[in-house]
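Q: Model the following, please.
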Amino acid sequence: MVIDVRDLYDNLKDYMNKEVTLQGWVRNHRKQKEFGFIDFNDGTFFKSVQVVYDNKLSDFDDIQKIKIGSAIEVVGKVIESPAKGQDFEVQVVSIKLLGDCPDEYPIQPKRHTREFLREQAYLRPRTNLFSAVFRVRSVAAYAIHKYFQDRKYVYFHAPLITASDCEGAGEMFQVTTLDLDRVAKAGKVDYSKDFFGKPAALTVSGQLQAETFAMSYKKTYTFGPTFRAENSNTKTHANEFWMIEPEMAFTDLEGDMNVMEDMLKYVVKYVLDNCSEEMDFFDSFVEKGLKEKLNKLVNSEFVRIDHEEVIKILKEAPVKWEFTPEYGEDIAKEHEKYITEYFNGPVFIKNWPKDIKAFYMKQNDDGKTVAAVDLEVPGAGELMGGSQREEDYDKLVNRMKELGMEMEGLDWYLNLRKYGGCVHSGFGMGFERLLIYLTGVENIRDVIPFPRTPGNCEF
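A: The predicted structure follows:
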């Protein structure tokens, strides 16, 4: 019976001194005159298994020809290992070559740069770093679903093709079936001839549509891909990324922050508890002190403070800023870092100037701010952003007019305020931003299997 490497590590006592069958790939092959060692991994567990064979095997010479990267089936006996740092090894009874591999296999047992591995993205999960990154991605995604499902949220699948620009920034990828060469010759676009009969684009957020489900189910969330046609080449920006966006009826800004804090702590703890080998690897080789940072977050009380008070603290700080903090304006990375250090932990910055926030946010009574919140965490800056949504129909319409927004096509969104509207809130968290924080891998291109960035649409 074929078993997984994870079975060996999880239930070693059951398999010790017994014969097992394993199927996987050769990570390394060290050959000597009378015996050899194969580092064997099947992807089910972070650690590999040492497979040992000797010249007593009739096909010893054929086994020695097996190349790195090959797929093999190993039948062998699990025995106690004499080598330091490992509890067991597999003594070969037979090895069958299932899939050969040429000498020019790109993932050789040596240190490769992350830039090189991005060019080999279809193979990079076979390396230790990316094996760990993408298992954490999988486990963190499950933890997010588990958190919301256990609390009876309805999982909502937001449309990926939309006519609504949630953020109002216009940085959207257009979707069309029109012949662009013909459009160029005509000098104008006749959208009535397009597939949907009007302009359409890939979504930048599922929030607006998710609000409709919150008005029916009380608690809902989206978790799916979103797209931004933003020509940015920073370490934290990609053109295709995943977002978690809960929406909750009968919930104000304070309630919103309660869920943000509770969810983040839950997911971080779940990953620490269920990816211990991967987290040890990150802590040793990627970001020293990572586990201490994450455990501290789980056990922290998140500070809640108004944007105006944050600017006051920054202005009074004994620091020469590159970007001077100003009332009514956004804060820079250096300000985010200072604030989390000032409070020695995560900080909710709330009640932001309305002129720098989105149209749908609840307008506060002062006429200057909106009930918006950003979560700043030590070592990463902004991790989540949310708000109480404007439930007053007239105020929302007036705000859209102030911003010169087209209301055509958003009547359904406005009608939510007319047809049994109520106080409601939500937030968004970029999944890859969370993964950067969880793993210490600082480039978003290295936490997405096949990153989409300006000029890059490979694989």
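Q: Least confident secondary structure element in this protein?
A: The weakest-scoring helix or strand in the chain, judged by mean pLDDT, DSSP states H and E, is helix 180-186 (a mean of 90).
Q: Note down every partner strand of the helix or strand following that helix and its orientation.
A: Next in sequence after helix 180-186, counting helices and strands by DSSP states H and E, comes strand 200-202. Strand pairing for strand 200-202, determined by DSSP bridges: strand 161-162 (antiparallel), strand 174-175 (antiparallel).
Q: now what about the least confident helix or strand of the chain, what contacts it?
A: Under the contact criterion C-beta atoms under 8 Å, 6 or more residues apart in numbering, helix 180-186 has outside partners V189. Heads up, the C-betas are built off the backbone N, CA and C, glycines and all.
Q: Can you list the residue ranges for strands in the stretch 1-150 of the chain?
A: 19-31, 35-41, 49-54, 71-80, 88-99 (DSSP state E, counting those that start in this stretch).
Q: Which secondary structure elements does the first one sit against?
A: Counting contacts by 3 or more C-beta pairs under 8 Å, 6 or more residues apart in numbering; DSSP states H and E, the secondary-structure elements packed against strand 19-31 are helix 5-10, strand 35-41, strand 71-80, strand 88-99.
Q: Distance to W412 added to those, as CSV?
A: Compiled in CSV, the helices and strands packed on strand 19-31 are given as follows (distance: least, C-beta to C-beta, whole Å):
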stretch, distance to W412
helix 5-10, 48
strand 35-41, 51
strand 71-80, 52
strand 88-99, 53
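Q: distance of K193 from I161?
A: 17 Å (C-beta to C-beta, to the nearest Å).
Q: Could you do V204 as well?
A: In terms of C-beta to C-beta, V204 sits 12 Å off from I161.
Q: In terms of packing, which of the two has more residues around it?
A: Looking at V204 and I161 with other C-beta atoms under 10 Å, you find the greater number of neighbours at V204, namely 23 against 11.
Q: ok so the more buried one is a helix residue?
A: No: assessed with DSSP: H, G, I helix; E, B strand; the rest coil, V204 is coil; it does not lie in a helix.
Q: Report pLDDT for it.
A: If you check V204, the pLDDT there is 93.
Q: low-scoring pLDDT stretches of this protein, where are they?
A: Confidence mapping of the chain against pLDDT under 70 gives the ranges 165-170.
Q: Next secondary structure element downstream of the strand or helix carrying W412?
A: For W412, the element it lies in under DSSP H and E is helix 411-418. Next helix or strand after helix 411-418 toward the C-terminus (DSSP H and E): strand 424-430.
Q: Kindly format the C-alpha coordinates of that next one as PDB.
A: Taking C-alpha atoms only, strand 424-430 is exported to PDB below (Å, rounded to 0.1, in the frame of the first residue of the first chain):
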ATOM      1  CA  HIS A 424     -23.800  47.900   8.300                       C
ATOM      2  CA  SER A 425     -20.100  47.600   8.000                       C
ATOM      3  CA  GLY A 426     -17.300  45.600   6.400                       C
ATOM      4  CA  PHE A 427     -13.600  45.400   5.700                       C
ATOM      5  CA  GLY A 428     -11.100  44.100   3.200                       C
ATOM      6  CA  MET A 429      -7.900  42.300   3.600                       C
ATOM      7  CA  GLY A 430      -5.500  41.500   0.800                       C
END
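Q: And it, what does it pack against?
A: Against strand 424-430 (3+ C-beta pairs under 8 Å, 6+ apart) you get helix 207-217, strand 240-249, helix 253-274, strand 381-389.
Q: Now the element after it, going C-ward?
A: Following strand 424-430 in sequence, per DSSP H and E, is helix 431-439.
Q: Next, count neighbours for the closest residue in space to G386 that isn't next to it in sequence.
A: Residue nearest to G386 in three dimensions, not counting chain neighbours: F427, with 2.6 Å by C-beta to C-beta, 6 or more residues apart in numbering. By the criterion of other C-beta under 10 Å, F427 has 24 neighbours.
Q: Tabulate the helices and strands packed on strand 424-430 (TSV), appending mean neighbour count and distance to D10.
A: Formatted as TSV, these follow (neighbours: other C-beta atoms under 10 Å; distance: least, C-beta to C-beta, whole Å):
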stretch	mean neighbour count	distance to D10
helix 207-217	20	38
strand 240-249	23	29
helix 253-274	19	12
strand 381-389	23	32
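Q: Out of the ones you listed, flag the one nearest V310.
A: Evaluated with C-beta to C-beta, these place strand 381-389 nearest to V310, the distance being 12.6 Å.
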